[in-house]
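**Q** A predicted structure for the sequence below; I have some questions about it.
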Amino acid sequence: MSKARRYLIAGNWKMNGYKKDGRALAKGVAKSLGKYLKKAKGKKAPFDMLVCPPYTLLAPVAEELKGSGVALGAQNCHTAEKGAHTGDISPQMLKDIGCKYVILGHSERRADHGEKDAQVKAKAEAAIAAGLTAIVCIGETLAQRDRNLTLATNRRQLKGSLPEGATAKNTVVAYEPVWAIGTGRTATPEQAQEVHAAIRAELVKALGEEEGNKVRILYGGSMNPKNAKELMAQPDVDGGLIGGAALKPEDFWAVAEGCL
Ligand code: PGA
């Protein structure tokens, strides 16, 4: 199956792994893609592959991924380039260590650190200015879904978090219903598509027809080898942001196979 937009298969490792595990996982991911590319005899894969380890594993994972075609990303960044911000990491530092992407505004950061849309937007703008691609996360809670606020919530979060100057190159949107994250409860393909279509419409409004249609929208929330194909077959689902299933190279690859 092919789409105008190139799929993005992104692994969000969250706060998991020590050096040894991180290296082994990265090696496994690189090996799967390598095997596929070898078989494809020079043909490009129909997806981009990305892993986002915790900060402590960025350097060893960067080493393991060298030349593999698997991209490196981080899970958060500060808005400033440098300075007195104890415990923070700047987008320039991420770039320096080999990152191409950074996940921003994940619901766990919104919940654990009180991140608000305006802050997510500012971080995304800083990330873009540093030459990174921002993966901006949005998604409704179960209470919001139950009160019929799903589309309104996602529209509001997108409007508030979308960086100024967003393009298809520097911005990816990830729709992650909070009730589906780490719960084993996945949105049905129809539920996902309904929200993705609403996000697409907002992107077209904000960025214009051409650019808005080029921006990739990922689904995240218990995506796994069993449900990936059906989800990614939806017209506006352009890949996945994968947590639990990204921690085993064989599962992560099986998810990626969902877009082949
Ligand atoms: P999950 O996490 O796949 O474990 O549900 C996805 C995410 O939070 O990005």
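**A** Looks like it arrived, so ask away.

**Q** Every contact and neighbour count from this point should use C-alpha atoms.
**A** Noted.

**Q** Please enumerate the strands of the chain.
**A** Secondary structure of the chain (DSSP state E): strands at 7-12, 47-52, 70-74, 101-104, 133-138, 171-175, 216-220, 239-242.

**Q** which secondary structure elements does the fifth one contact?
**A** In other words, strand 133-138. Based on contacts counted as 3 or more C-alpha pairs under 8 Å, 6 or more residues apart in numbering; DSSP states H and E, the elements that strand 133-138 packs against are strand 101-104, helix 117-129, helix 150-161, strand 171-175.

**Q** need the residues of the stretch 51-200 of the chain near the ligand, please.
**A** The stretch 51-200 of the chain comes close to the ligand at residues Ala180, Ile181, Gly182, as judged by C-alpha under 6 Å from any ligand atom.

**Q** Make JSON lines out of the residues you listed and add neighbour count and distance to Asp146.
**A** Shown next, in JSON lines, are those (neighbours: other C-alpha atoms under 10 Å; distance: C-alpha to C-alpha, whole Å):
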{"residue": "Ala180", "neighbour count": "19", "distance to Asp146": "14"}
{"residue": "Ile181", "neighbour count": "20", "distance to Asp146": "17"}
{"residue": "Gly182", "neighbour count": "16", "distance to Asp146": "19"}
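
**Q** in the biggest helix by length in the chain, what counts as buried?
**A** Counting residues, the longest helix found in the chain (DSSP state H) is helix 19-40. Using 16 or more other C-alpha atoms under 10 Å as the test for burial, helix 19-40 gives 22-34, 37.

**Q** What of stretch 234-248?
**A** Of the residues in stretch 234-248, 234, 236-247 count as buried by neighbour count, 16+ other C-alpha under 10 Å.

**Q** what do you get for stretch 138-149?
**A** Residues Ile138, Gly139, Glu140, Thr141, Arg145 are the ones in stretch 138-149 that count as buried (16+ other C-alpha under 10 Å).

**Q** Contacts for that stretch next, please.
**A** The contact list for stretch 138-149 (C-alpha atoms under 8 Å, 6 or more residues apart in numbering) reads 105-107, 150, 153-154, 157-158, 173-179.

**Q** I am finished for the moment; much appreciated.
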